[in-house]
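Student: Take this sequence and fold it.
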Amino acid sequence: MSTKIIITIDGTSSTGKSTIAKRIAKKLKYIYIDSGAMYRALTYYAIQKKYISKTHYFEDKLINDLESISIDFKNNILNNRFEVHLNGISVENKIRSLEVSNLVSRLATFAELRKRMVATQHALGNEKGIIMDGRDIGTVVFPNAELKFFLESSLKLRAKRRYDELTLINENITYNQVLKNINLRDSQDINRSNSPLKKASDAILINTDQLTLDELEIKLLSFINPLISKNL
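Tutor: The predicted structure is shown next:
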């Protein structure tokens, strides 16, 4: 019997989900899976193929290509970080652009695409020992996960965090553009009919506004470590 567990971290954009999940995965020697990056990689593919833009979305063409699209995570030995790969090529930086951010929620609303992505995520979690973050991980993907968290933070602080991230990769944007984008994504994620963003009834709610990453890590581990020890 495996002593490892599945940990889910859900929440709105830029609450620190991915950053803290990576840190905890490294500490526990768990596999980190960024579900949002999977949808971003699919969106990036659709943009490159001209299947999606602000004015059109050819969902049928993207669905027809799904069997030939491979999305997985590989460790970059240069920085010791897991990066998302699209058909064998790292697209970690390319999927973080504002163009992808503006279109990813639109793509993620379609049931057939979500069904395919959830199946992939289920397969990744078969052996447990994973930590996955996203919007519907604790409610749809792994509703029976041993431990679930839901992170929240103020809109303005989330926009500031995201703006700072984008300027590091030389994205030519303004703070107001990022604020507008995050507000729009929140609305789309919460109000979509298929797998909307919501807190699982058994998830632990944590507000990250006043917490440093170190403090947030300590807080999450205070719930995680006793549960893992109990399984030993």
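Student: Show me where this protein has its strands.
Tutor: Under the criterion DSSP state E, strands of the chain are mapped to 6-11, 31-34, 71-76, 81-86, 89-90, 130-134, 147-152, 204-207.
Student: Name the strands paired with the fourth one and say parallel or antiparallel.
Tutor: For strand 81-86, the pairing partners within the sheet under DSSP bridges are strand 71-76 (antiparallel), strand 89-90 (antiparallel).
Student: Repeat that for the last one.
Tutor: For strand 204-207, the paired strands and their directions (DSSP bridges) read strand 147-152 (parallel).
Student: Gly125 touches Phe142, doesn't it?
Tutor: Yes - between Gly125 and Phe142 there is a contact under Cβ atoms under 8 Å: 6.2 Å. Yep, even glycine has a C-beta here, placed from its N, CA and C like the rest.
Student: what about the longest helix in this protein?
Tutor: For the chain, the longest helix by residue count, based on DSSP state H, is helix 213-231.
Student: Check the offset of that helix from the chain's centre.
Tutor: Offset of helix 213-231 from its chain centre (Cα atoms, centre = their mean, to the nearest Å): 20 Å.
Student: how much does that helix deviate in direction from strand 130-134?
Tutor: Helix 213-231 and strand 130-134 meet at an angle of 130 degrees, taking axes from the mean of the first three to the mean of the last three Cα atoms, to 10 degrees as the criterion.
Student: residues touching the nearest residue to Ile69 once chain neighbours are set aside, list them.
Tutor: The shortest distance from Ile69 to any non-neighbouring residue, by Cβ to Cβ, 6 or more residues apart in numbering, is to Tyr45 (6.1 Å). Tyr45 makes contacts with 62, 65, 69, 86, as judged by Cβ atoms under 8 Å, 6 or more residues apart in numbering.
Student: between the residues you listed, which is closest to Ser14?
Tutor: Ranked by distance to Ser14 (Cβ to Cβ), the contacts of Tyr45 are led by Leu86 at 22.6 Å.
Student: residues contacting the nearest residue in space to the closest one that is not next to it in sequence?
Tutor: Distances taken as Cβ to Cβ, 6+ apart place Ala41 nearest to Leu86, at 4.7 Å, with adjacent residues excluded. Shown in contact with Ala41 (Cβ under 8 Å, 6+ apart): 71, 84-86, 91, 95.
Student: Cheers, nothing more for now.
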